[in-house]
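J.: What would the 3D arrangement of this be:
(one chain, ligands or ions: 1)
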Amino acid sequence: FPVKWAHSTSTMAAATEDNWSLKDQIAKVFEVSLKVTVPDEPEVAPLIAACAKKEFGDYQCNNAMSLWSKIKGKGTEFRGPQPVGQAIMKNLPTSEMIESTSIAGPGFVNVKLSRQWMAKSIQKMLKDGIETWAPKLPVKRAIVDFSSPNIAKEMHVGHLRSTIIGDTLARMLEYSKVEVLRRNHVGDWGTQFGMLIEFLFEKFPDGEVSDQAIGDLETFYKASKQRFDGDPEFKDRAQKAVVSLQGGEEKYRKAWAQICEISRKGYGKVYEHLGVHLEEKGESFYNPYIPGTLDLLREKGLIEESEGAQVIFIEGKKIPLIVVKRDGGFNYASTDLAALWYRLNEEKAEWIIYVTDVGQREHFEMFFTAAKRAGWLPTDESKYPKTNHVGFGLVLGDDGKRFRTRSSEVVKLVDLLDEAKTRCKAALVERGKAAEWTAEELEHTAEAVGYGAVKYADLKNNRLTNYTFNFDQMLNDKGNTAVYLLYAHARICSIIRKSGKDVEELKKEGQLILEKEEERKLGLHLLQFAEIVEDACTNLLPNILCEYLYDLSEKFTSFYSECQVVGSAEETSRLLLCEATALVMRQCFHLLGITPVYKI
Ligand code: ARG
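T.: Below is the predicted model of the structure:
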């Protein structure tokens with residue numbers, strides 16, 4: 001991401017309205033100093049990072065070294081990086097934000113933030129709402145292409161990963177005020193439809209098809225595939241059906257639409273369970289745009305004939321990208337090129353993010369390269385518009401192999417979610433909650449915790465690694481799990497409830513102070529929320545947010561074991577800190593697509 005520094009020299013208020021990254025706030029102060037220190041280098045952007053060693057400070061400015069190598073030998077009065085650092089430090093404008101500064105090593109300027117400023121900023125967030133802490137990204141509109149199952153096939157755990165990861169990325173971008181088009185690029189086109197349609201005609205010659213009649217689409221798919229493989233005459237008819245469908249023949253279009261609709265209902269159930277919302281624009285949607293798109297690429301001289309097919313050769317790749325098959329038909333790649341054209345030109349998206357398993361990396365790399373060569377995308381990847389493939393690893397079973405059921409079928413998504421919920425419910429009943437809570441409360445909590453556990457177990461890993469699906473692990477109430485985190489949040493809520501105080505009143509009247517070291521550490525962590533979200537968005541890595549969340553609950557635990565809350569002299573301040581922690585935790589849950597619970 002090119003970081004754009006706003007040119008503002010106004011004195012620091014508790015928080016600037018437009019951007020709540022702590023790092024950026026500090027950068028603004030240093031920007032002023034850099035301009036004074038090296039007036040001949042106006043374009044130097046402050047390099048700010050959190051201090052690795054906390055005893056040095058909270059953040060540091062790392063410009064001295066690189067500045068020194070830029071200016072040395074050009075008649076500068078400085079005699080090395082250290083004096084440059086000294087000058088940067090000396091030229092800092094007075095800022096409410098900074099308590100003290102120091103120099104370390106070859107000119108690093110360490111900054112210790114002021115406790116008063118920190119406390120004031122947290123209180124401001126409590127008053128104005130967590131939305132004001134959102135980072136600001138340099139994009140207005142993005143597309144997240146995720147979930148994207150294939151018609152007539154059951155969604156499996158791979159699609160679960162795409163759905164969960166894509167939803168989180170969309171949520172983080174939305175929070176960062178980016179308009180997100182959530183696209184379900186379903187596989188609703190292609191030669192398999194000839195086979196499915198012919199099979200449908202065979203089974204229902206009078207055209208009376210109901211969902212129940214087809215039943216399980218997966219079984220339907222398998223049966224038609226068997227028919228296709230076993231009977232050349234059927235195969236022939238299926239191939240002709242593809243032509244009729246693509247030619248737009250009414251009867252075939254209708255059958256196709258019926259099959260899609262049944263699939264859609266199946267996916268709809270999964271999305272409802274997961275609380276995920278998407279807008280379908282399947283492969284078929286882009287079909288009319290393919291010929292025009294290919295013409296554009298032809299004009300640029302990108303498309304060549306090769307062994308009867310039309311292809312785009314990509315440097316460094318042995319096999320070219322096929323865009324028109326030997327039989328004249330289009331394929332996955334031609335569709336993706338047309339979709340990209342549409343997204344850039346019709347939908348005016350500046351950032352297009354594709355979430356699929358890593359196995360498809362090559363496909364994406366190839367058509368991204370083609371788009372760059374066509375001049376649709378800048379070759380400089382730090383510029384917009386841009387595309388990213390968000391790849392993820394496999395889901396493994398306990399045996400370390402691809403996750404399957406005992407009968408070695410692919411595992412169905414809905415079954416997984418249901419099982420997680422059932423197990424959570426059993427655990428709650430065991431803890432006597434059936435007697436304590438209403439039936440709805442029990443149901444709601446089991447669902448929030450169960451589904452949350454499945455999502456979090458996926459998101460907490462770096463998405464590129466394979467991960468092992470294990471109910472016992474993900475439902476453990478200790479360690480880095482959703483169960484632990486949801487309970488930690490509920491516990492904070494119960495501390496607040498037990499105090500008998502009205503938090504809304506405290507927010508208005510009370511004062512937050514960060515006196516003890518544990519309070520300060522927790523406060524600093526809270527203030528880092530925006531930059532963490534920014535980091536997770538920029539790198540398209542939801543696990544960064546999970547780490548932050550887990551860390552937050554750990555910092556809260558240290559605070560709570562050191563600082564008495566209810567009944568102490570600092571009760572008001574500490575209740576406010578509890579409330580801020582709960583609020584940021586809830587926002588993390590929200591971004592991860594997890595429903596918080598308030599009672600345990
Ligand atoms: N339907 C594809 C699959 O299940 C994923 C589509 C991803 N999106 C895209 N624009 N290619 O593998």
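J.: G292: which element?
T.: helix 290-299 (DSSP states H and E).
J.: list the helices and strands that helix packs on?
T.: Contacts defined by 3 or more CB pairs under 8 Å, 6 or more residues apart in numbering; DSSP states H and E place helix 290-299 against strand 321-324, helix 332-345. For the C-beta atoms, the positions are set from N, CA and C on the backbone; glycine is no exception.
J.: so which of those gets nearest the ligand?
T.: Proximity to the ligand (CB to the nearest ligand atom) singles out helix 332-345 among the helices and strands packed on helix 290-299, at 5.0 Å.
J.: Show me which residues of the stretch 201-350 of the chain sit near the ligand.
T.: With CB under 6 Å from any ligand atom as the criterion, the stretch 201-350 of the chain comes near the ligand at residues 336, 339.
J.: what about the helices in the stretch 201-350 of the chain?
T.: In the stretch 201-350 of the chain, the helices defined using DSSP state H, counting those that start in this stretch lie at 211-214, 217-230, 232-246, 250-274, 283-286, 290-299, 332-345.
J.: Now do the last one and helix 290-299, the angle between them.
T.: Just to be clear, that refers to helix 332-345. 90 degrees (axes from the mean of the first three to the mean of the last three CA atoms, to 10 degrees).
J.: what stretches of the stretch 1-150 of the chain score poorly on pLDDT?
T.: Filtered on pLDDT under 70, the stretch 1-150 of the chain yields the residue ranges 1-19.
J.: Is the residue of it found nearest the ligand in a helix, a strand, or coil?
T.: Nearest residue of the stretch 1-150 of the chain to the ligand: S148, at 3.7 Å (CB to the nearest ligand atom). The local conformation at S148, judged by DSSP: H, G, I helix; E, B strand; the rest coil, is coil.
J.: Which residues are in contact with the closest residue to it other than its chain neighbours?
T.: Excluding its sequence neighbours, the residue lying closest to S148 (CB to CB, 6 or more residues apart in numbering) is H185, at 4.3 Å. For H185, the contacting residues are 145, 148, 281-283, 339, by CB atoms under 8 Å, 6 or more residues apart in numbering.
J.: now the helix holding G292, how far from the chain's geometric center?
T.: Here helix 290-299 shows a centroid-to-chain-centroid distance of 33 Å under the convention CA atoms, centre = their mean, to the nearest Å.
J.: Check the burial of K225 by counting its neighbours.
T.: Neighbour count for K225, taken as other CB atoms under 10 Å: 15.
J.: Next one: it, what pLDDT does it get?
T.: We have a pLDDT of 91 for K225.
J.: roughly how far apart are it and the ligand?
T.: From K225 over to the ligand the distance is 17 Å, taken as CB to the nearest ligand atom, to the nearest Å.
J.: Next, give phi and psi for the closest residue to that residue other than its chain neighbours.
T.: Closest residue to K225 apart from its sequence neighbours, by CB to CB, 6+ apart: M195 at 6.7 Å. The phi/psi pair for M195 (degrees, to the nearest 10) reads phi -60, psi -40.
J.: Now for the spatially most central residue of the chain: which residues touch it?
T.: Centroid-nearest residue in the chain, with CA atoms, centre = their mean: L169, separated by 2.0 Å. By CB under 8 Å, 6+ apart, the residues touching L169 are 144, 146, 353, 355, 390, 537, 540, 542.
J.: what's the closest of the residues you listed to W117?
T.: Of all the contacts of L169, W117 sits closest to C537, with 25.8 Å by CB to CB.
J.: if I read this right, the residue of the stretch 1-150 of the chain closest to the ligand contacts S162, doesn't it?
T.: Yes - the pair S148 / S162 is scored as a contact, 6.6 Å apart, by CB atoms under 8 Å.
J.: overlap in contacts of the two?
T.: With CB under 8 Å, 6+ apart, S148 and S162 have common neighbours T356.
J.: quick one on the thing from earlier: adding neighbour count, write the contacts of H185 out as CSV.
T.: Converted to CSV, the contacts of H185 look like this (neighbours: other CB atoms under 10 Å):
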residue, neighbour count
D145, 26
S148, 23
K281, 20
G282, 21
E283, 23
A339, 26
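J.: where do the helices sit along the stretch 401-550 of the chain?
T.: 413-430, 433-436, 439-459, 471-474, 482-499, 503-509, 517-527, 529-538, 542-562.
J.: closest to the ligand out of these?
T.: It is, among the helices of the stretch 401-550 of the chain and with distance given as CB to the nearest ligand atom, helix 413-430, at 13.2 Å.
J.: what about the closest one, near the ligand?
T.: No - using CB under 6 Å from any ligand atom, helix 413-430 never reaches the ligand; the gap is at least 13.2 Å.
J.: Tell me the helices and strands packed up against that helix.
T.: Applying 3+ CB pairs under 8 Å, 6+ apart, one finds that helix 413-430 contacts helix 157-175, helix 250-274, helix 439-459, helix 471-474.
J.: by contact count, what packs against the longest one?
T.: It stands for helix 250-274. Where contact means 3+ CB pairs under 8 Å, 6+ apart, helix 250-274 is packed against helix 157-175, helix 192-203, helix 211-214, helix 217-230, helix 232-246, helix 413-430, helix 439-459.
J.: Return the most buried member of the ones you listed.
T.: Across the helices and strands packed on helix 250-274, averaging neighbours per residue (mean count of other CB atoms under 10 Å) puts helix 157-175 on top, at a mean of 24.
J.: For the protein, which residues score under the pLDDT cut-off?
T.: Using pLDDT under 70, the flagged stretches of the chain are 1-19, 154-155, 211-215, 405-411.
J.: How about the residues of this structure by the ligand?
T.: So the chain meets the ligand at 145, 148-150, 185, 187, 336, 339, 354, 356 (CB under 6 Å from any ligand atom).
J.: Recalculate using a threshold of 5 Å.
T.: Counting by CB under 5 Å from any ligand atom, the residues of the chain close to the ligand are 145, 148, 150, 185, 187, 356.
J.: Mind checking what secondary structure the last one has?
T.: Following three-state DSSP, we place T356 in the strand state.
J.: how far away is it from I143?
T.: T356 is 14 Å from I143, where distance means CB to CB, to the nearest Å.
J.: cool, and I165?
T.: For I165, the distance to I143 (CB to CB) stands at 15 Å.
J.: F285 too?
T.: Distance from F285 to I143, by CB to CB: 13 Å.
J.: got it, and H444?
T.: Relative to I143, and taking CB to CB, H444 is found at 33 Å.
J.: ditto for G85
T.: 43 Å.
J.: Settle it for me: which of the two has more neighbours?
T.: G85 (28 against 25).
J.: Tell me the helices and strands packed up against whichever strand or helix holds the more buried one.
T.: Per DSSP H and E: G85 is located in helix 81-90. For helix 81-90, the packing partners by 3+ CB pairs under 8 Å, 6+ apart come out as helix 22-37, helix 63-71, strand 98-104, strand 108-113.
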